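Peer 1: could you look at this predicted model? Sequence included:
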Amino acid sequence: MSQLPPLSAVRVFEAAARLENFTVAAQELGMTQAAVSYQVKLLEERLGISLFQRAGRKVALTDKGREIATILSRAFDQMREGFAALTQDHSTILTISCTNSFAHLWLAQRIGTFQMRQPGLAVRIDATDRVVDFARDGVDVAVRGGRGDWPGLEAKLLTHNRLAPLCSPSWLAANGPIADARALHAMPRLSPDDMWWHEWFAAMGVEADGKGLPPAIALDSQVMEGRAAMAGQGVAIVNPFLWKTEVEAGLLVEALPSYVRERASYWVVYPPHARNTAKVKAFRDWIGAEFAREIAADPEARFLPR
């Protein structure tokens with residue numbers, strides 16, 4: 001025989017042969033007793049042999065039925081073990097995707113708390129600035145900046161973000177006070193072509209066209225920009241929520257007090273089928289609580305629209 005018999009019938013026969021009772025097999029499979037009997041008969045007709053001897057309501061395996069049942073039971077046991085191992089391996093590793101800036105400035109400092117609460121879970125952080133494919137890249141959950149509208153994914157809002165120009169106290173002492181946003185536009189700024197600068201100046205009512213400005217330092221990440229600002233290299237436009245530790249330590253200050261909301265917000269993102277898996281739910285609940293706690297403790301963040 002070149003082809004396998006219908007797998008639905010094989011599955012029913014394996015249960016019926018293992019239990020030697022059509023009624024009990026039906027209960028295990030969530031079927032009617034008549035459906036079990038039909039599937040077994042279908043398999044017998046396909047094979048051209050009797051698999052059960054029937055005597056009233058009782059059934060017993062024939063010699064041929066017992067022979068194939070032994071092989072099938074072994075195969076089903078191997079499949080169960082394989083799927084159990086696959087599920088076990090997958091359920092004990094959590095892969096989190098986020099940007100390099102978020103990983104370095106926020107998550108790396110706090111993920112140990114989550115790990116201690118989930119001692120049976122191995123955590124892997126995939127820090128990348130590209131948008132990952134969850135299935136292809138083996139990612140379970142992500143923290144993304146955006147508007148929460150990624151097709152095929154569910155997103156839970158963590159917080160809206162604020163933009164602020166930060167610099168070192170020494171830089172501000174040497175170059176300040178800064179009268180207004182227009183005055184800041186003409187001063188040394190890090191990555192002056194960064195879209196966040198354009199957003200911030202637009203919100204402050206200043207057209208930032210870049211004309212007449214001297215050459216400037218261009219850096220490709222918020223981490224480098226913030227570090228350069230702390231070193232007195234100029235003013236960086238950053239998300240102050242990620243730099244709370246440095247601000248509280250007096251390493252960074254606002255060059256010009258303002259309150260500008262970024263277009264993108266932070267979201268925890270995951271595929272719909274993973275929403276109720278233990279590891280994704282644990283991380284979603286933990287990071288949501290962490291953000292809520294930190295926002296509640298920040299006098300400025302409490303007034304951020306949600």
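Peer 2: Done, it's in.

Peer 1: from now on I want contacts and neighbour counts done on CA atoms only, so please keep to that.
Peer 2: OK.

Peer 1: surely Gly232 meets Cys167?
Peer 2: Yes: look at Gly232 against Cys167 with C-alpha atoms under 8 Å: they come within range, at 6.8 Å.

Peer 1: parallel or antiparallel, list what pairs with the lengthiest strand in the chain.
Peer 2: Longest strand in the chain by number of residues (criterion: DSSP state E): strand 154-167. Paired strands of strand 154-167, with direction, are strand 236-238 (antiparallel), strand 253-254 (antiparallel), strand 260-270 (antiparallel) (DSSP bridges).

Peer 1: mind listing what's buried along the longest one?
Peer 2: Think strand 260-270. Residues of strand 260-270 classed as buried by neighbour count (16 or more other C-alpha atoms under 10 Å): Val260, Arg261, Glu262, Ser265, Tyr266, Trp267, Val268, Val269, Tyr270.

Peer 1: any chance of these in a markdown table, plus pLDDT?
Peer 2: Shown next, in a markdown table, are the buried residues of strand 260-270 (pLDDT from 0 to 100):
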| residue | pLDDT |
| --- | --- |
| Val260 | 93 |
| Arg261 | 91 |
| Glu262 | 89 |
| Ser265 | 92 |
| Tyr266 | 95 |
| Trp267 | 96 |
| Val268 | 96 |
| Val269 | 95 |
| Tyr270 | 94 |
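
Peer 1: now the chain, which segments are flagged as low pLDDT?
Peer 2: 1-2, 81, 83-90, 208-214, 299-306 (pLDDT under 70).

Peer 1: packing partners for the helix or strand harbouring Leu42?
Peer 2: Assigned by DSSP states H and E, Leu42 belongs to helix 33-47. Contacts defined by 3 or more C-alpha pairs under 8 Å, 6 or more residues apart in numbering; DSSP states H and E place helix 33-47 against helix 7-19, helix 22-29.

Peer 1: just the CA coordinates of the shortest one, formatted as PDB?
Peer 2: Below are the C-alpha coordinates for helix 22-29, written out as PDB (Å, rounded to 0.1, in the frame of the first residue of the first chain):
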ATOM      1  CA  PHE A  22     -15.300   2.100  22.000                       C
ATOM      2  CA  THR A  23     -17.400   4.000  24.600                       C
ATOM      3  CA  VAL A  24     -14.400   4.900  26.700                       C
ATOM      4  CA  ALA A  25     -12.400   5.800  23.600                       C
ATOM      5  CA  ALA A  26     -15.200   8.100  22.500                       C
ATOM      6  CA  GLN A  27     -15.100   9.900  25.800                       C
ATOM      7  CA  GLU A  28     -11.300  10.300  25.600                       C
ATOM      8  CA  LEU A  29     -11.500  11.700  22.000                       C
END
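
Peer 1: flag every buried residue along that helix.
Peer 2: Within helix 22-29, the residues scored as buried using 16+ other C-alpha under 10 Å are Phe22, Thr23, Val24, Ala25, Ala26.

Peer 1: again with stretch 149-159
Peer 2: For stretch 149-159, by 16+ other C-alpha under 10 Å, it's Glu154, Ala155, Leu157, Leu158, Thr159.

Peer 1: now find how far off-centre that stretch is within its chain.
Peer 2: On the basis of C-alpha atoms, centre = their mean, to the nearest Å, stretch 149-159 sits 10 Å off its chain's mean C-alpha point.

Peer 1: how about stretch 237-253?
Peer 2: That offset, for stretch 237-253, works out to 26 Å (C-alpha atoms, centre = their mean).

Peer 1: do the same with stretch 34-42
Peer 2: Distance of stretch 34-42 from its chain centroid, counting by C-alpha atoms, centre = their mean, is 44 Å.

Peer 1: show me what it is in contact with.
Peer 2: Ser8, Ala9, Val12, Phe13, Ala16, Phe22, Ala25, Ala26 (C-alpha atoms under 8 Å, 6 or more residues apart in numbering).

Peer 1: could you rerun that using 10 Å?
Peer 2: Applying C-alpha atoms under 10 Å, 6 or more residues apart in numbering, the contact partners of stretch 34-42 are 5-6, 8-17, 21-27, 29-30, 32, 44-52.

Peer 1: against His185, how distant is the residue nearest the centre of the chain?
Peer 2: Central residue of the chain (C-alpha atoms, centre = their mean): Val141, 1.2 Å from the mean position. Val141 sits at a distance of 39 Å from His185 (criterion: C-alpha to C-alpha, to the nearest Å).

Peer 1: quick one: neighbours of the nearest residue to Val10 once chain neighbours are set aside, just the number.
Peer 2: Leaving aside its sequence neighbours, Val10 sits nearest to Leu43 (C-alpha to C-alpha, 6 or more residues apart in numbering; 7.2 Å). Leu43 has 21 neighbours, counted by other C-alpha atoms under 10 Å.

Peer 1: now for Leu43: which residues touch it?
Peer 2: Pro5, Pro6, Leu7, Ser8, Ala9, Val10, Val12, Phe13, Ile49, Ser50, Leu51.
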